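S.K.: Make a model of this:
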Amino acid sequence: MAEAVAPKKGFPPQVLKQTQYWLRYFADEWVAEVPLRIHTRATDDGHGLGGPAFHHEFINWLGQVCFCPACIAGEKRRQRRNPDARLKTTKAFRKLRKQAPREFDALYLLVILHVPIEDIVERFNRDAERLGRPERYDAYGVLTLIVLGVEKVRAWWGT
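M.R.: Numbering: from 1, shown residues only. This is a model prediction of the structure:
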């Protein structure tokens, strides 16, 4: 991801390599937060309308939907099943969104939406013009936002 741009100024190759590694790692953890399946092949166990049962990942994503004793016990088991790295990644990206929204936007466009850096530059500049802001970005500026965003997420994540 970070290798798409080779700036003539700034970052040493080892910084770009490390950023690329962490981008891949955080991307895998961040994307894992969104459930890929909504239903299983089984029939609902009686808490719904009798249609297909929800997949356990979708239920984790929704949160607790039933408050009977069996479901409350199942919810506690599901909470233990979520990996700590996934939860830490989600929390770190939420903190980045709050503390450094432009860096979050750059990482979100790159990691989740798979937008190339050149297109991110174009989007940021278009938004700045539309909002009447003086800042303009180039590929090096967006790459700087990405490197700084990854470093902040790493620090908050605990690496």
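S.K.: hang on, Ala106 packs against Leu145?
M.R.: Yes. Using Cβ atoms under 8 Å, Ala106 makes contact with Leu145 at a distance of 4.2 Å. Every C-beta, even on glycine, is put in place using the N, C-alpha and C of the backbone.
S.K.: Mind pulling the model confidence for Tyr137?
M.R.: With respect to pLDDT, Tyr137 scores 93.
S.K.: correction: Leu148
M.R.: Predicted confidence (pLDDT) for Leu148: 94.
S.K.: Skipping adjacent residues, who's closest to it in space?
M.R.: Excluding the flanking residues, the one nearest Leu148 by Cβ to Cβ, 6 or more residues apart in numbering is Glu103, at 5.7 Å.
S.K.: That neighbour sits in which helix or strand?
M.R.: Using DSSP states H and E, Glu103 sits in helix 101-107.
S.K.: And for that helix, what's in contact with it?
M.R.: The contact list for helix 101-107, computed with Cβ atoms under 8 Å, 6 or more residues apart in numbering, reads 23, 93, 96-97, 120, 124, 142, 145-146, 148-150, 152-153.
S.K.: buried sites along it?
M.R.: Residues of helix 101-107 classed as buried: 102-107 (neighbour count, 16 or more other Cβ atoms under 10 Å).
S.K.: I'd like the average pLDDT over that helix.
M.R.: Per-residue scores along helix 101-107 average to 94.
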